[in-house]
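Student: what follows is a predicted protein model with its sequence.
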Amino acid sequence: MKRILLRNGTIVNSCKITKMDILILSETIEQIGENLPIENGVEILDCSGKLIFPGIIDSHTHMGVPIKSGFSADNFETGTKSAVHGGVTTILDFTILDENQTLRQSIESRKFDAAKSICDYNLHCNITQYSEEILSEIPILIETGITSFKIFTTYEEAGMMLYYEQIQRIAQAISAHDGLLMVHAEDDEILRNAMLPFKTKFITDPFYHALSRPDDAEAVAIQKIGEISEKTGCRIYIVHLSSAKGLETAKQFENLVVETCPQYLFLDENIYKKDDGRMFVASPPLRKRHDNDELWGGILDGSISTIGTDHCPFFEKPREIHFSDIPNGIGGVETLFPILLAQWILRKLDLRLLSKLLCKNPANVFGLSHRKGTIQIGKDADFAIVNPKEIHMNWENSLVSAVNWNAFTNFPACFPNHVFRRGDWIVKDSRLQTGSKGVFVKSKFP
């Protein structure tokens, strides 16, 4: 049976930072302690001077999904190869509900796609249609380890939007069985009105993407969703929060859990004016520098609980099309941890908070804490091991991503030297290794 000893590393959990050895036995953490004995047959990795984080959990990815007239660039295999290179060992992706399909069928179809994943994974169940039959499936799915369900308050033209009355019914069903409702919160009526001045004009400039999706749409949708959370008692997770207005609104409701993404912390709407500005089109759009600053404040005061990526990259986005037809989405799963860690080190922020945002909190929120999120005896041997002195610029050529464009190349990054997923040494000396596939991890709550 495989045994690996991580020697002299500094463990960064959300509660404390300690210098300890870690003994891996097969897939799990067998021992943690000072100066653990070296036994015959144990492989040793000297982690002196290195930080050992729990494996990073990206709770918001879209691998190989249909967007407008095409598909996102990464499938489960290519996307998770790049994920583990950046320290992500677990992802939570989304189902795709086709017409006349049951929720269970959409899950089984997505699990088939996810069989190529290098990361361990769970799935959020998209509910993009409403019926009594769909409501009746929710408790059954929660019992099988799918506990999070996502709805959209917009994208009516794509057949994905639900009305607030329908959302309340779904929230009631989810709350009754201790599940979690996830919401893409942009009010559709506000978006439609904001688009009216631009709809009949052939405008290709991506800067209009920000003008056509104002922050009021996010704040109003969050207000209505917050009221639903109060009426139903349902825990509701606001995905990809982008604005100061949205954050202030979310703070009013204790049942709302808030996620933001690196693009809303690091980038602002002026980047749409660059030659490759169309590549930064995602929804919600990038906001103003003020919004970046306020979201950083939300990170530091605890009103934002997680940072996911909304990973959805494209090889290229066409230029000569109406701005509203530009495919939505950017990549980020490979750079999530490296660029955030670099900022934490350079800003001298508490590393325990970073571990909380990227490991502990997503594990707790999505029912994975029985195996993930903390370096603790008995849990999965998932680690991102990094030298905090190795902060670099010009790191783009080191990426293993299938896509040759990255939104964050102007920022410093600190990539892991070693990554373990369930005891498999899948990144060794910064090089991706061939290893076993990831597995589906059931969600369950204590």
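Tutor: On my side now, so go ahead.
Student: neighbours of I146, how many?
Tutor: Neighbours of I146 under the rule other CB atoms under 10 Å: 25. C-beta: built from backbone N, CA, C; applies to glycine.
Student: can you tell me the element it falls in?
Tutor: Using DSSP states H and E, I146 sits in no helix or strand.
Student: what helix or strand does the spatially closest residue to it that is not a sequence neighbour sit in?
Tutor: In this structure, I146 finds its nearest non-sequential neighbour in C125, 5.4 Å apart by CB to CB, 6 or more residues apart in numbering. Assigned by DSSP H and E, C125 belongs to strand 120-126.
Student: avg pLDDT for that strand?
Tutor: Mean per-residue pLDDT for strand 120-126: 98.
Student: check which helices and strands that strand is in contact with.
Tutor: The helices and strands touching strand 120-126, judged by 3 or more CB pairs under 8 Å, 6 or more residues apart in numbering; DSSP states H and E, are strand 88-94, helix 103-114, strand 148-152.
Student: partner residues bridging the residue nearest to I146?
Tutor: F149 (DSSP bridges).
Student: who touches stretch 226-233?
Tutor: Here stretch 226-233 makes contact (CB atoms under 8 Å, 6 or more residues apart in numbering) with 164, 167-168, 171-172, 175, 234-236, 249-250, 252-253, 255-256.
Student: quick one: which of those residues is most hemmed in?
Tutor: Of the contacts of stretch 226-233, with other CB under 10 Å as the count, I236 tops at 27 neighbours.
Student: so what's that residue up against?
Tutor: Neighbour list for I236: A171, L180, L181, M182, V183, I225, G226, I228, S229, N255, L256, V257 [criterion: CB under 8 Å, 6+ apart].
Student: just the closest of those residues to I321, please.
Tutor: V183 (28.7 Å; CB to CB).
Student: for the closest one, helix, strand, or coil?
Tutor: strand (DSSP: H, G, I helix; E, B strand; the rest coil).
Student: let me see the domain layout of the chain.
Tutor: 3-53+374-432, 55-365 (automatic domain parsing).
Student: can you give me the helices in the stretch 201-350 of the chain?
Tutor: Along the stretch 201-350 of the chain, counting by DSSP state H, counting those that start in this stretch, helices occupy 207-212, 215-232, 244-250, 262-266, 289-301, 336-346.
Student: closest one to G86 among those?
Tutor: helix 336-346 (5.4 Å).
Student: tell me the helix or strand right after that closest one.
Tutor: Next along from helix 336-346, by DSSP H and E: helix 351-355.
Student: any idea which of the helices and strands packed on strand 120-126 is most buried?
Tutor: Comparing the helices and strands packed on strand 120-126 by mean neighbour count (mean count of other CB atoms under 10 Å), strand 88-94 comes out on top with a mean of 27.
Student: next, the angle from that strand to helix 103-114.
Tutor: Here strand 88-94 points in a direction 140 degrees away from that of helix 103-114 (axes from the mean of the first three to the mean of the last three CA atoms, to 10 degrees).
Student: next, format the helices and strands packed on strand 120-126 as a markdown table and append distance to A384.
Tutor: Converted to a markdown table, the helices and strands packed on strand 120-126 look like this (distance: least, CB to CB, whole Å):
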| stretch | distance to A384 |
| --- | --- |
| strand 88-94 | 7 |
| helix 103-114 | 21 |
| strand 148-152 | 24 |
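Student: make CSV out of the ones you listed and add mean pLDDT and distance to Q376.
Tutor: Shown next, in CSV, are these (pLDDT from 0 to 100; distance: least, CB to CB, whole Å):
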stretch, mean pLDDT, distance to Q376
strand 88-94, 98, 15
helix 103-114, 97, 26
strand 148-152, 98, 23
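Student: compare the ones you listed and give me the one nearest S430.
Tutor: strand 88-94 (15.0 Å).
Student: who does that closest one touch, helix- and strand-wise?
Tutor: strand 56-58, helix 76-85, helix 103-114, strand 120-126, strand 418-421.
Student: now the angle from that strand to helix 76-85?
Tutor: Relative orientation of strand 88-94 versus helix 76-85 (the same axes, to 10 degrees): 140 degrees.
Student: for the nearest residue to F315 once chain neighbours are set aside, the count of nearby residues, please.
Tutor: Nearest non-adjacent residue to F315, counting by CB to CB, 6+ apart: A73, 5.0 Å away. Counted with other CB under 10 Å, the neighbours of A73 add up to 22.
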